[in-house]
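Undergrad: Task: produce atomic coordinates for the following.
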Amino acid sequence: MERAGAFTAVPGVGGIALGCSALAVAALARRMGSADAWLAAWLGEAVLACLIGVAAAAHKSHKVGMPLLSGPGRKFLLGFAPPLLAGALLTLVLFRAGLLAVLPGVWLLLYGTGVLCGGAASVKVVPVMGICFMAIGAVALFAPATWGNSLLAAGFGGLHILFGILIKVKYGG
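TA: Got it, this is the predicted structure:
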C-alpha cells in the first residue's frame, strides 16, 4: 500500500555508487593544496553524482515499468530540485564572499531538504534519509571548519551507502 502512488525509482544501487564516489572525492579533496582545488573536486563530484543518480533512477524506473517522470516522479523532482538550485546559487555567493568553510553545512542541509521534500512522494525511508542529511548539515554549520570534509564524507558517502543498502534490500534495485 505504501508504494502505491509513490515514487519508487529511488535507486539503492545508485545510492551506493554515489556514496562510494563521494568517499573517493573526500579522500582526494582532503589532500588538495588550495580551497579552490577543494571546491573544484566537490563540484566535480556534484556533477558526477547527478549523472549517477539520473542514470540509476532511469534504469530502476525502466526495470519496474514506470516512466521516470510519472506523477510521483514529477512530484519528487519538484520537491528535490529547488533546494539544489538554492545550494548552487549559495555556493557561488559564498565562494565570492570567501566563506568556503560554511559550504559543507549548506550543501548537506539543502541536499537533505531536497531529499526530504522530494521524498514526500516516495517510500518512507527516503524522507528519513533527508532528515539524516539535514542533521549532519546542521552539525557541519556549527562544527570547526576542519571537520567540513569529514562531514561531507559522512553525509554524501556514508548516508548514501547506508540508505542505498536499505533501499536495495527493502525496495529492490
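Undergrad: Ala58: neighbour count?
TA: Applying other CB atoms under 10 Å, we find 16 residues neighbouring Ala58. No exception for glycine: its C-beta is placed from N, CA and C like everyone else's.
Undergrad: Please apply the same query to Ala97.
TA: 9.
Undergrad: Tell me the predicted confidence for it.
TA: Note for Ala97: predicted pLDDT of 96.
Undergrad: what sits up against stretch 146-159?
TA: Applying CB atoms under 8 Å, 6 or more residues apart in numbering, the contact partners of stretch 146-159 are 18-20, 22-23, 26-27, 29-30, 38, 42, 45, 49, 101, 103-105, 107-108, 111-112, 129, 132-133, 136-137, 139-140, 143.
Undergrad: no, scratch that, I was asking about stretch 125-144
TA: Counting by CB under 8 Å, 6+ apart, 10, 102, 104-120, 147-148, 151-152, 154-155, 159, 163, 166-167, 170-171 sit against stretch 125-144.
Undergrad: Only whichever of those residues are buried, select them in PyMOL.
TA: With 16 or more other CB atoms under 10 Å as the criterion, this PyMOL line picks the buried residues out of the contacts of stretch 125-144:
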select buried, resi 10+104+105+106+107+108+109+110+111+112+113+114+115+116+117+118+119+147+148+151+152+154+155+159+163+167+171
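Undergrad: Which members of the contacts of stretch 125-144 occur in helices, if any?
TA: 104-119, 148, 151-152, 163, 166-167, 170-171 (DSSP state H).
Undergrad: Can you tell me, leaving aside adjacent residues, what's nearest to Leu108?
TA: Nearest non-adjacent residue to Leu108, counting by CB to CB, 6 or more residues apart in numbering: Gly137, 3.2 Å away.
Undergrad: go on, Gly53?
TA: Gly14 (5.8 Å).
Undergrad: what about the one you found, how many neighbours?
TA: 25.
Undergrad: show me the contacts for it.
TA: Ile52, Gly53, Ala55, Ala56, Ala57, His59, Lys60, Gly164.
Undergrad: Ramachandran angles for it?
TA: For Gly14, the backbone dihedrals (degrees, to the nearest 10) come out as phi -60, psi -40.
Undergrad: Tell me which stretches of the chain form helices.
TA: So, for the chain - with DSSP H - the helices run 12-30, 35-63, 71-96, 103-119, 125-142, 148-152, 160-171.
Undergrad: tilt between the third one and helix 125-142?
TA: So that's helix 71-96. 10 degrees (axes from the mean of the first three to the mean of the last three CA atoms, to 10 degrees).
Undergrad: how much space is there between the spatially most central residue of the chain and Gly155?
TA: Nearest to the mean C-alpha position of the chain, counting by CA atoms, centre = their mean, stands Tyr111 at 5.3 Å. According to CB to CB, to the nearest Å, Tyr111 and Gly155 sit 8 Å apart.
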